[in-house]
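> build me a model from this:
(2 chains)
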Amino acid sequence: MNPDRRQFLGWGAAAAAGAALAPGLRLVELAQARSPEEAASALQRWGLLIDITKCADCDACVTACSKENGWTGHGRPETDPQWIRKVSLRDKRTGYAQTLPLMCQHCEHPPCVDVCPTGASFKRADGIVLVDKHICIGCRYCVMACPYGARSFVHEAVSGQNPDVPRGQGTVESCTFCVQRVDRGETPACVEACNRDGGKAMVFGDLNDRSTEIHRRLRSASSTQVRADLALNTGVRYQGL
Amino acid sequence: MRIATGVVAALVAVTGLADAGGEAPRRVAEPTIRIERGVACVAPTAEMRRNHMTMLLRQRDLTMHQGLRETRFSLKNCVNCHASRETGSVLGEDGFCSSCHAYASVHIDCFECHSPMRQARATATP
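Okay, the predicted model is just below:
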């Protein structure tokens, strides 16, 4: 056993002991930003609540996502990367129109993870569904499996990436809840932009923590999961849909 | 006869090389190793030369799957110290990563996705 491995196992044991010793206290503590030495924990589940009634006719969330994660279109809508998009709904009878942002719904039971042949598509302990591009072979099964059309494939060679958001040709990508920001204790870029420039329609937080704004809002009013019939238990919820 | 000529030519070539001794340039250009920042790396040079790929691989999996973003062994931290002062990159002809990898003839995939450029933000010191 080399020293690195021993040290790593040591950390694991320490983390396990910490979690086991005082579970009640940990819950409160984990609602804050994790330290870089602390692994993502299943005690948390990140979620996003979008109030459609407040969703303005803007694309602040899409622009912010594109800027934060460094994806841009090439004027080819069929194949361009699309981490988040604005969807317009219209009731044909009454003409009532709504607009809402749609992105990876961070399912509890993600179909993309079920179909991935290499294990590249995975759900992190805190509920964020990600693609490990190091082992993604670009087969795009997940793109087909996702009922929300949330994933896209990188067709072109990429340069000038954000150092926190590696992207490369031949891999699949989707919304990560801005995992690099969440790990720093910040909210995703779309949420920040919506609350600054948009209709203040988005709330991000821990679905397991009763003290959070998102938990309070979800328990006090009804909310909808898109394609709830699939029983995927999505992390993204909508109100006013 | 042709074989004999070949042997003689080979001998001449070998002696020619031997005569040239240490002054002649190496057939393969030596890598450029220029450290731009910091006084010490995260581990001794010998260990880094032999094991940097293992360190990066382990950190990669910890960060990706568990969200452990300790900066010490992160690729970003490597790049921030080792990027060239002129180009701001670890790639290019005299790039810290690329010149050594060209010498060793080992292809690096890291920068197909990751940024080879130094970040403006300050780095964690070892």
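> rank the helices and strands of chain A by mean pLDDT and give me the bottom one.
Among the secondary structure pieces of chain A, namely its helices and strands, helix A:23-30 has the lowest mean (mean pLDDT, DSSP states H and E), a mean of 45.
> what helices or strands is whichever helix or strand comes after that helix leaning on?
Using DSSP states H and E, the helix or strand that follows helix A:23-30 towards the C-terminus is strand A:46-51. Here strand A:46-51 touches strand A:202-206, helix A:213-220, strand A:236-239, going by 3 or more C-beta pairs under 8 Å, 6 or more residues apart in numbering or on different chains; DSSP states H and E. (C-beta placed from N, C-alpha, C; glycine too.)
> mind running it again at 10 Å?
Under the contact criterion of 3 or more C-beta pairs under 10 Å, 6 or more residues apart in numbering or on different chains; DSSP states H and E, strand A:46-51 touches strand A:97-103, helix A:189-196, strand A:202-206, helix A:213-220, strand A:236-239.
> quick one: low-confidence parts of chain B?
Applying pLDDT under 70 to the predicted model, the residue ranges of chain B that meet it are B:1-24, B:38, B:121-126.
> excluding its backbone neighbours, what's nearest the residue of chain B found nearest chain A?
The minimum distance from chain B to chain A, using C-beta to the nearest C-beta, falls at B:Cys113 (3.2 Å). Counting by C-beta to C-beta, 6 or more residues apart in numbering or on different chains, B:Cys113 lies nearest to A:Gly168, which is 3.2 Å off, once chain neighbours are set aside.
> residue ranges of each domain in chain A, please.
When chain A is parsed with automatic domain parsing, its domains come out as A:1-30, A:46-239.
> neighbours of A:Arg219, how many?
The local packing count at A:Arg219 equals 9, with neighbours defined by other C-beta atoms under 10 Å in any protein chain shown.
> B:Arg49 against B:Tyr103, yeah?
No - applying C-beta atoms under 10 Å as the test, B:Arg49 and B:Tyr103 come out as separate, 11.9 Å apart.
> who touches both of those two?
Residues touching both B:Arg49 and B:Tyr103 (C-beta atoms under 10 Å, 6 or more residues apart in numbering or on different chains) are B:Ile33.
> so for the two, which residue has more residues nearby?
Here B:Arg49 and B:Tyr103 are set side by side on neighbour count (other C-beta under 10 Å), and the busier one is B:Tyr103, at 15 against 11.
> quick one: that one is in a helix?
Yes - according to DSSP: H, G, I helix; E, B strand; the rest coil, B:Tyr103 belongs to a helix.
> contacts only, for it.
Residues in contact with B:Tyr103, defined by C-beta under 10 Å, 6+ apart, are B:26, B:28-33.
> repeat that for B:Gln119.
By C-beta under 10 Å, 6+ apart, the contact list for B:Gln119 reads A:162-164, B:76-77, B:79-80, B:83, B:88.
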